[in-house]
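A.B. asks: For reference, the sequence and a predicted model appear below.
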Amino acid sequence: MYQQMRACFQEAATSMSVLRSLWQAHWLHQNRPKQDDVAAWLEESLSALEDGFADFIKQMEEAGWDQSQIFLKVPKEPVLVLEHLDQEV
């Protein structure tokens, strides 16, 4: 099954909000639904984000990462990345 996902970022998005979005996109990719209940899948991803992102940040800090040194920029021009989600990356 081919699914297309898109992420939109606000132009002035902070590095942490971009990192949160990337974390959630990864979760969505790893936890694709077996059914077509997209609303429940997205709801589950928000719960996972609330529970899992804080743990992710804690693990980063324990591994020596400094949050203040994370710089993720949103491109000024739209970028379209296509990937077949039915294939492993």
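C.D. replies: All right, it came through fine.
A.B. asks: only C-alpha atoms for contact and neighbour calcs from this point on.
C.D. replies: Noted.
A.B. asks: List the buried residues in the helix or strand containing residue 16.
C.D. replies: If you go by DSSP states H and E, residue 16 is part of helix 15-30. Residues of helix 15-30 classed as buried: 15, 18-21, 23-25, 27-28 (neighbour count, 16 or more other C-alpha atoms under 10 Å).
A.B. asks: what's the answer for stretch 30-42, then?
C.D. replies: Within stretch 30-42, the residues that count as buried by 16+ other C-alpha under 10 Å are residue 41.
A.B. asks: hmm, which helix or strand of the chain has the shakiest average pLDDT?
C.D. replies: Within the chain, no helix or strand scores below helix 15-30, which has a mean of 86 by mean pLDDT, DSSP states H and E.
A.B. asks: ok, back up a step: determine which two of the buried residues of helix 15-30 are furthest apart.
C.D. replies: By the measure C-alpha to C-alpha, 15 and 28 form the most distant pair in the buried residues of helix 15-30, at 19.8 Å.
A.B. asks: what's the angle between whichever helix or strand comes after the helix holding residue 16 and helix 15-30?
C.D. replies: Next helix or strand after helix 15-30 toward the C-terminus (DSSP H and E): helix 38-62. Counting by axes from the mean of the first three to the mean of the last three C-alpha atoms, to 10 degrees, helix 38-62 lies at 130 degrees to helix 15-30.
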